[in-house]
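> what follows is a predicted structure for the sequence shown.
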Amino acid sequence: MARHAYDNMKAIGYARQWCGQQSNACGVYLQGGNKSDCAHFLAHCLDAGGITIRDPSSAAPLCPKGLAVRNVDLVDELNRLSAAFDNVKKIDLSDTIIGDIGFLKLERPRHAFMVCEVWSPVEHPLSTPKVYAHSTSRCCEEMDTVWRQWFTDAFRLEDG
């Protein structure tokens, strides 16, 4: 199988730079109503690393760059990429390392984040990973422990 061009350090660098801000490189921060910036933020992180996931409803894009703004679109595309490329892998959240992407799911993917530290549920059974995220803003901070029950999809994106 082929490898998709990707630079994990650039994706992590974007997350570090923008994690504590209510903005993105495109100048848009989504909040209020049914809008949340977690997927939009992760789409920018992935784009910085070289994986561009577009908003499939691009008739009226919320992101000026046309990037995805819904978690379900990120998960669908990452699943597609994991079937096509060796360096995009679906993993269990308990196996995550720095730079991996994870999602919470309540009926559908609802929150996206990038892991910023190696985390072991075996060594730390009452904790959650430290993450970079928007909406529920985290800048390499631990997520709420109640979220563990909703952990779902996680992906490792290796350099390619």
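Perfect, I can see it now.
> now Asp76: which helix or strand?
Per DSSP states H and E, Asp76 falls inside helix 71-84.
> and the helix or strand that that helix is followed by, C-alpha only, in CSV?
The element immediately downstream of helix 71-84 (helix or strand, assigned by DSSP H and E) is strand 88-91. This file holds the C-alpha atoms of strand 88-91, laid out as CSV (Å, rounded to 0.1, in the frame of the first residue of the first chain):
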residue,chain,number,x,y,z
VAL,A,88,-3.1,6.3,8.4
LYS,A,89,-4.3,3.7,11.0
LYS,A,90,-7.4,3.2,13.0
ILE,A,91,-6.3,2.4,16.6
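> strands paired with the least confident helix or strand in the chain by mean pLDDT, and their directions?
When the helices and strands of the chain are scored by mean pLDDT, DSSP states H and E, strand 108-115 comes last with a mean of 81. Using DSSP bridges, the strands paired with strand 108-115 are strand 101-106 (antiparallel), strand 130-133 (antiparallel).
> and those, which one is worst for confidence?
Lowest mean pLDDT within the strands paired with strand 108-115: strand 101-106, a mean of 83.
> distance between it and the chain's centre?
Distance of strand 101-106 from the chain centroid (C-alpha atoms, centre = their mean, to the nearest Å) equals 9 Å.
> cool, and stretch 71-90?
So, by C-alpha atoms, centre = their mean, the centroid of stretch 71-90 is 12 Å from its chain's centroid.
> residues in contact with that stretch?
1-4, 6, 38-39, 42-43, 46, 51, 53, 55-56, 68, 101, 103, 108-112, 153-160 (C-beta atoms under 8 Å, 6 or more residues apart in numbering). C-beta coordinates here come from the backbone N, C-alpha and C atoms, glycine included.
> buried stuff in it?
For stretch 71-90, burial by neighbour count (16 or more other C-beta atoms under 10 Å) applies to Asn71, Asp73, Leu74, Val75, Glu77, Leu78, Leu81, Ser82, Phe85, Asn87, Val88, Lys89.
> low-confidence regions, the chain specifically.
Applying pLDDT under 70 to the chain flags the ranges 58, 106-109, 145-150.
> for it, which segments count as strands?
For the chain, applying DSSP state E gives strands covering 31-32, 35-36, 88-91, 101-106, 108-115, 130-133, 138-142, 151-157.
> how about those in TSV, adding distance to Tyr14?
TSV is the format used below for the strands of the chain (distance: least, C-beta to C-beta, whole Å):
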stretch	distance to Tyr14
strand 31-32	19
strand 35-36	18
strand 88-91	18
strand 101-106	12
strand 108-115	9
strand 130-133	9
strand 138-142	13
strand 151-157	13
